[in-house]
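S.K.: sharing a model prediction with you, sequence too.
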Amino acid sequence: QKEVEQNSGPLSVPEGAIASLNCTYSDRGSQSFFWYRQYSGKSPELIMFIYSNGDKEDGRFTAQLNKASQYVSLLIRDSQPSDSATYLCAVNRDSGAGSYQLTFGKGTKLSVIP
Amino acid sequence: DAGITQSPRHKVTETGTPVTLRCHQTENHRYMYWYRQDPGHGLRLIHYSYGVKDTDKGEVSDGYSVSRSKTEDFLLTLESATSSQTSVYFCATKLGQAQYEQYFGPGTRLTVT
């Protein structure tokens, strides 16, 4: 059973701080990694994806990938109360047709305190 | 996202009745997916499609069937709904030039009484 693990939280950070969200995965063949944000009662919204080792930055968000350690993280700089949501980590399966299937973690709930 | 819609958005039905949920996309994309989301379980793949009349099972396919007769529509059917199928159902597809990224529809909240 291929798994994606996240701390369920809640993770509480003060406004303006850096929020760090972590995810580990069990399938060494995974090639693509995704972070979704989900507000209560809403659908998941893709905010970052990363395919190569290292860092990828987009505005206040940075995704970090370490395939050797099977670890992917999301950093949110200058956290805002509007960032309060559940963050889902997802990884694809191995190559071929499985590349188009995603396995999701159960999510980490982030609370940004004003 | 405007490129993918689901209907109905809310439904209450009785145990034993058939239910069909519809997902519609305007992107003409091959891949479409059905997920369910439950507290404590996260998002789980039910079925997916990689083209018209080409479908395959996901992690939690028991009790569900799907059909795809047109590229833009992917239907999820509960042949005989059970209370364990009370959930929020999300459809997903790819948009634009996405490679593996999936984008989700607004969801259908289904309650089986």
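M.R.: That came in fine, so what should we check first? On a predicted model such as this, the values are computed, not experimentally measured, just so you know.
S.K.: next, the contact list for the residue nearest the centre of chain B, please.
M.R.: For chain B, the residue nearest the mean C-alpha position is B:Trp34 (3.1 Å; C-alpha atoms, centre = their mean). Counting by C-beta atoms under 8 Å, 6 or more residues apart in numbering or on different chains, B:Trp34 touches B:21, B:23, B:45-48, B:58, B:64, B:66, B:74, B:76, B:89-91. For glycine as for every other residue, the C-beta is placed from the backbone atoms N, C-alpha and C.
S.K.: report the secondary structure state of it.
M.R.: strand (DSSP: H, G, I helix; E, B strand; the rest coil).
S.K.: beta partners of it?
M.R.: Per DSSP bridges, the residues bridged to B:Trp34 are B:His47, B:Cys91.
S.K.: for it, give its distance to chain A.
M.R.: Using C-beta to the nearest C-beta, to the nearest Å, B:Trp34 is found at 12 Å from chain A.
S.K.: tell me the pLDDT of that residue.
M.R.: pLDDT, B:Trp34: 97.
S.K.: for B:Pro106, helix, strand, or coil?
M.R.: With three-state DSSP as the criterion, B:Pro106 reads coil.
S.K.: hang on, it packs against B:Ser7?
M.R.: No. In this structure B:Pro106 lies outside contact range of B:Ser7 using C-beta atoms under 8 Å: 9.7 Å.
S.K.: partner strands of the lowest-mean-pLDDT helix or strand in chain A, parallel or antiparallel?
M.R.: The helix or strand of chain A with the lowest confidence, counting by mean pLDDT, DSSP states H and E, is strand A:102-104 at a mean of 91. Here strand A:102-104 is paired, per DSSP bridges, with strand A:85-92 (antiparallel).
S.K.: can you give the contact residues for the strand it pairs with?
M.R.: In contact with strand A:85-92 (C-beta under 8 Å, 6+ apart) are residues A:4, A:6, A:21, A:23, A:25, A:27, A:30-40, A:44, A:72, A:74, A:98-110, B:42-43, B:100, B:102.
S.K.: and with 7 Å instead?
M.R.: By C-beta atoms under 7 Å, 6 or more residues apart in numbering or on different chains, the residues outside strand A:85-92 that reach it are A:4, A:6, A:21, A:23, A:25, A:27, A:30-39, A:44, A:72, A:74, A:99, A:101-105, A:107-110, B:43, B:100.
S.K.: PyMOL command to pick out the buried ones of the residues you listed?
M.R.: Selection of buried members from the contacts of strand A:85-92 for PyMOL, criterion 16 or more other C-beta atoms under 10 Å in any protein chain shown:
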select buried, (chain A and resi 4+6+21+23+25+27+30+31+32+33+34+35+36+37+38+44+72+74+99+101+102+103+104+105+107+108+109+110) or (chain B and resi 43+100)
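S.K.: so which of the contacts of strand A:85-92 sit within strands?
M.R.: Judged by DSSP state E, strands contain the following of the contacts of strand A:85-92: A:4, A:21, A:23, A:25, A:33-38, A:72, A:74, A:102-104, A:108-110, B:43.
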